[in-house]
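Chemist: Attaching a predicted model along with its sequence, questions to come.
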Amino acid sequence: MSFWDQRGIYALYREFELVYVGQAAERGFGPRLVEHSKGEIAERWDRFSWFGFRLVNQTQTLRLMPRAFYVSGSTVLNHVEGVLVEIAEPRLNGQGGKWKRKVTLYHPWPRNKDPFGPNTTTVEDEPLEEGRPRGRVQVT
């Protein structure tokens, strides 16, 4: 499945150190990462992670970006905090994000023995494993 047109927040890393945080709102992650690979920070990052807002359909395609989100201020704060904790992995934040809903992680490596199976893990209101390799998160 392609996440080229996914919208949301992304982070760039150099040797696992967070070096840049940005957003892809009007255009997807793909064009933004291409810009960063050719721009002034091109040689200053070697990996990325992202947190998308477009849900994944059962047909493994991205839904359209919602025109508006109708959520409470506390939900927004909990999700922003969760994204920041996942991006920065601060040593003193052992709890993880307060998602209130399901979170699907899209892993860049196979999580099961079926090489054609989905590379996802769903967690609900539980902290993610400390020191895990970077994945991608979608709040559903």
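Modeler: All right, it came through fine. Everything quoted here is computed from the prediction, not taken from an experiment.
Chemist: low-confidence ranges in the protein?
Modeler: Residue ranges of the chain with pLDDT under 70: 94-140.
Chemist: mind running it again at 90?
Modeler: 1-2, 8-9, 16-18, 21-23, 25-26, 39-40, 49, 51-58, 60, 64-140 (pLDDT under 90).
Chemist: Just the CA atoms of stretch 52-66, as PDB, please.
Modeler: Provided in PDB are the C-alpha atoms of stretch 52-66 (Å, rounded to 0.1, in the frame of the first residue of the first chain):
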ATOM      1  CA  GLY A  52      -1.400  10.300   9.300                       C
ATOM      2  CA  PHE A  53      -5.000  11.600   9.400                       C
ATOM      3  CA  ARG A  54      -6.300   9.800   6.300                       C
ATOM      4  CA  LEU A  55      -7.800   6.500   7.300                       C
ATOM      5  CA  VAL A  56      -7.100   3.300   5.400                       C
ATOM      6  CA  ASN A  57     -10.000   1.600   3.700                       C
ATOM      7  CA  GLN A  58     -10.500  -2.100   3.700                       C
ATOM      8  CA  THR A  59      -9.300  -2.100   0.100                       C
ATOM      9  CA  GLN A  60      -5.900  -0.800   1.300                       C
ATOM     10  CA  THR A  61      -6.400   2.700  -0.100                       C
ATOM     11  CA  LEU A  62      -6.500   6.000   1.700                       C
ATOM     12  CA  ARG A  63      -9.800   7.700   2.400                       C
ATOM     13  CA  LEU A  64     -10.200  11.400   1.600                       C
ATOM     14  CA  MET A  65      -9.000  13.900   4.100                       C
ATOM     15  CA  PRO A  66     -11.900  15.000   6.400                       C
END
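Chemist: Would you mark the buried spots in that stretch?
Modeler: Judged by neighbour count (16 or more other CB atoms under 10 Å), stretch 52-66 contains these buried residues: 52, 53, 54, 56, 62, 65. Glycine gets a C-beta too; all of them are placed from N, C-alpha and C.
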